[in-house]
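S.K.: Quick one: sequence plus predicted model below, questions after.
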Amino acid sequence: MQWYVDSRLGSDANDGRTPETAFRCVQHAVHVAGAGDTVLIAPGGYDQSLPKPISALRQANVVVSVLGGH
């Protein structure tokens, strides 16, 4: 399963399954993603400290990628 996060256009009330219905916070993706899933993060400003939730996702064997990242 792929999960989308977008701090500018997303909402944690969304289902996170498409870019158009992305979550707003990475922490929300931590709660729904499972082993083998991918979390795709759109560039933008994020209020929370990203290293902690990203580390939690990776420890749960979730792939994390920044959309449009190099």
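M.R.: Sure thing, it's come through.

S.K.: residues near the closest residue to Arg58 other than its chain neighbours, how many?
M.R.: Excluding the flanking residues, the one nearest Arg58 by C-beta to C-beta, 6 or more residues apart in numbering is Val64, at 6.2 Å. The C-beta positions use only the backbone N, C-alpha and C, and glycine is treated the same way. When neighbours are counted by other C-beta atoms under 10 Å, Val64 registers 21.

S.K.: Quick one: classify Val64 as helix, strand or coil.
M.R.: Secondary structure for Val64, judged by DSSP: H, G, I helix; E, B strand; the rest coil, is strand.

S.K.: how close does it sit to Val26?
M.R.: 9 Å (C-beta to C-beta, to the nearest Å).

S.K.: got any residues that touch both of those two?
M.R.: Here Val64 and Val26 have Val39, Ile41, Ile54, Leu57 as joint contacts, going by C-beta atoms under 8 Å, 6 or more residues apart in numbering.
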